[in-house]
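> Attaching a predicted model along with its sequence, questions to come.
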Amino acid sequence: MLDRRFDQETFAWALKQDLEDLRLAVVKAADPQKQAVYAVLYDYALAKRQDKLIAQKRFER
């Protein structure tokens, strides 16, 4: 099991990355395990950015 601090740092790193760069990392990774890790990081970063966008005032009812 990974260290919780390592997990937090890894996901914080993903939030700082360009989504297109993460997406390309998923596509270009030759190793299936690396590809899966990049996919999880991409999904996480995308979901967080979507949450941030939805939370904006213009989307409130």
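Perfect, thanks for sending it.
> number of nearby residues for Ala30?
6 (other CB atoms under 10 Å). C-beta coordinates here come from the backbone N, C-alpha and C atoms, glycine included.
> cool, and Lys57?
The burial count for Lys57: 5, using other CB under 10 Å.
> ranges for the helices of this structure?
4-16, 19-28, 32-54 (DSSP state H).
> May I see the ones you listed arranged in JSON lines, with mean neighbour count as well?
Shown next, in JSON lines, are the helices of the chain (neighbours: other CB atoms under 10 Å):
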{"stretch": "helix 4-16", "mean neighbour count": "11"}
{"stretch": "helix 19-28", "mean neighbour count": "13"}
{"stretch": "helix 32-54", "mean neighbour count": "13"}
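> Let's have those in JSON lines, adding mean pLDDT.
As requested, the helices of the chain are arranged in JSON lines below (pLDDT from 0 to 100):
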{"stretch": "helix 4-16", "mean pLDDT": "89"}
{"stretch": "helix 19-28", "mean pLDDT": "95"}
{"stretch": "helix 32-54", "mean pLDDT": "94"}
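> Quick check, central residue of the protein?
Ala45 (2.8 Å; CA atoms, centre = their mean).
> Spatially nearest residue to that one (excluding sequence neighbours)?
Leaving aside its sequence neighbours, Ala45 sits nearest to Ala14 (CB to CB, 6 or more residues apart in numbering; 4.6 Å).
> ok, now how distant is Asp18 from Asp31?
22 Å (CB to CB, to the nearest Å).
> now swap in Glu20 and tell me
The value you get for Glu20 to Asp31, if CB to CB is used, is 21 Å.
> Could you do Asp43 as well?
Distance from Asp43 to Asp31, by CB to CB: 18 Å.
> What of Gln56?
Distance from Gln56 to Asp31, by CB to CB: 38 Å.
> ditto for Lys57
Taken as CB to CB, the span from Lys57 to Asp31 is 43 Å.
> try Ala45
From Ala45 to Asp31 the distance is 20 Å (CB to CB).
> Keeping just the C-alphas, turn stretch 43-61 into PDB.
Output in PDB follows, covering the C-alpha atoms of stretch 43-61 (Å, rounded to 0.1, in the frame of the first residue of the first chain):
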ATOM      1  CA  ASP A  43      -9.700  11.300 -14.800                       C
ATOM      2  CA  TYR A  44      -9.000  12.800 -11.400                       C
ATOM      3  CA  ALA A  45      -7.700  16.100 -12.800                       C
ATOM      4  CA  LEU A  46     -10.600  16.300 -15.300                       C
ATOM      5  CA  ALA A  47     -13.200  15.700 -12.600                       C
ATOM      6  CA  LYS A  48     -11.700  18.300 -10.300                       C
ATOM      7  CA  ARG A  49     -11.700  20.900 -13.000                       C
ATOM      8  CA  GLN A  50     -15.300  20.100 -13.900                       C
ATOM      9  CA  ASP A  51     -16.300  20.400 -10.200                       C
ATOM     10  CA  LYS A  52     -14.600  23.800 -10.100                       C
ATOM     11  CA  LEU A  53     -16.300  25.000 -13.200                       C
ATOM     12  CA  ILE A  54     -19.800  23.800 -12.100                       C
ATOM     13  CA  ALA A  55     -19.300  25.600  -8.700                       C
ATOM     14  CA  GLN A  56     -19.000  28.900 -10.500                       C
ATOM     15  CA  LYS A  57     -21.900  31.400  -9.800                       C
ATOM     16  CA  ARG A  58     -23.200  31.300 -13.400                       C
ATOM     17  CA  PHE A  59     -24.200  27.600 -12.900                       C
ATOM     18  CA  GLU A  60     -26.100  28.200  -9.700                       C
ATOM     19  CA  ARG A  61     -29.900  27.900  -9.800                       C
END
